[in-house]
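Peer 1: Output the structure for:
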Amino acid sequence: PAPGAGGEAPPPAASGGSLSPSRAADFMQCPLLYRFRTIDRLPEAPSEAAVRGTLVHAVLEHLFDLPAEERTRERARAMVDPQWRALLEREPRVGALFEDGTDDAALARWLAGAERLLERWFELEDPTRLEPAGREVRVEVPLGDGPLLRGIVDRLDVAPTGELRVVDYKTGRAPSEAHESKALFQMRFYALVLWRLHGVVPRSLQLVYLGSGDVLRLAPDEADLLATERKVRALWEAIERNRASGDWQPRPGRLCSWCDHKALCPAFGGTPPPLPHPLPHPVARAEAPAGQPPAGAPEPAEPAEPAGSTVSTG
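Peer 2: Numbering: from 1, shown residues only. Presented below is the predicted three-dimensional model:
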């Protein structure tokens, strides 16, 4: 069936809980961070980098509402301010980034930064030649006796022959070659979900880095996605073991400098709050967290797996 349409038969039901690429990455980076975000659901302050990413994504989504010939740089720039105002209306807390709107110069610089990212996108793709089959597409599929896999695909292109291209926009810089595989895990995750939903392996996975003007591409095959499925299953098994034991260990690293939860982290002398009771099944929000490292933050080393866990990298 076509993407977005129901399959002929529903996949087998998941056992409980859900997992998104962002939350899987959290667990691999630091099990305690995963707990704080997914089980405790602690609030995080919005960051300028994350909110700018949300704004740029909104412009790129709504730009395709226009006829092809009107998808110009000028129209994209003109959409920045109204999309910012719409974001403020949906999430008033992001206004605190600019002291309730009193710091006009800082806001103007920040909006100009969003416009520069959009300019770079036009250097990488020509929207007048694209007709996406879907934008900000929510996808989810049960993984047998594992979790419900879910996420949001920025753009889904479908060729007349039915071939799929999955596109994700990043407002940061492309990772070094040593970290490309880690970055592409998210795309393999989406490809796995789409394959299980529609029976079609996406022809192309594309990460568009607007911060540096780079594009990472991958053409997956079934073996690649089966390896991703094995990794996801192993991750979920490790998460369930931690959930059963209540043991969510921190894994200190370079990204700790940007973590909102250092005051609660034992690695920095803090004490986590008591676990909620009854303990809920982890439910992953498809959206990226509001608090994330700023553009240019150091790339984390490929994390070691949790103690007592074995997670194949596929």
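Peer 1: hey, where'd the helices end up in the protein?
Peer 2: 21-29, 31-34, 48-63, 73-90, 104-124, 180-198, 222-245 (DSSP state H).
Peer 1: Let's have those helices in a markdown table, adding mean pLDDT, distance to Leu205 and mean neighbour count.
Peer 2: In this view, the C-beta of every residue, glycine as well, is placed from N, C-alpha and C. Supplementary listing: the helices of the chain in a markdown table, determined by pLDDT from 0 to 100; distance: least, C-beta to C-beta, whole Å; neighbours: other C-beta atoms under 10 Å:
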| stretch | mean pLDDT | distance to Leu205 | mean neighbour count |
| --- | --- | --- | --- |
| helix 21-29 | 95 | 12 | 23 |
| helix 31-34 | 97 | 24 | 24 |
| helix 48-63 | 97 | 17 | 21 |
| helix 73-90 | 97 | 24 | 15 |
| helix 104-124 | 95 | 15 | 15 |
| helix 180-198 | 94 | 4 | 21 |
| helix 222-245 | 96 | 10 | 17 |
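Peer 1: Can you check which of those gets nearest to Arg254?
Peer 2: Using C-beta to C-beta as the measure, helix 21-29 is the one of the helices of the chain that comes nearest Arg254, at 10.4 Å.
Peer 1: Thought Pro274 was touching Asp40, still the case?
Peer 2: No. Using C-beta atoms under 8 Å, Asp40 is not in contact with Pro274, being 9.4 Å away.
Peer 1: Between the helices of the chain, which one is closest to Arg155.
Peer 2: helix 48-63 (7.8 Å).
Peer 1: mind saving the C-alpha coords of that closest one as CSV?
Peer 2: The C-alpha trace of helix 48-63 is given here as CSV (Å, rounded to 0.1, in the frame of the first residue of the first chain):
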residue,chain,number,x,y,z
GLU,A,48,18.0,28.6,21.0
ALA,A,49,19.4,25.9,18.7
ALA,A,50,16.5,23.5,19.2
VAL,A,51,13.8,26.1,18.8
ARG,A,52,15.5,27.5,15.7
GLY,A,53,15.4,23.9,14.3
THR,A,54,11.7,23.7,15.0
LEU,A,55,11.2,27.1,13.2
VAL,A,56,13.2,26.1,10.2
HIS,A,57,11.4,22.7,10.0
ALA,A,58,8.0,24.6,10.1
VAL,A,59,9.0,26.9,7.2
LEU,A,60,10.3,23.9,5.1
GLU,A,61,7.0,22.1,5.8
HIS,A,62,4.7,24.9,4.8
LEU,A,63,6.8,26.1,1.9
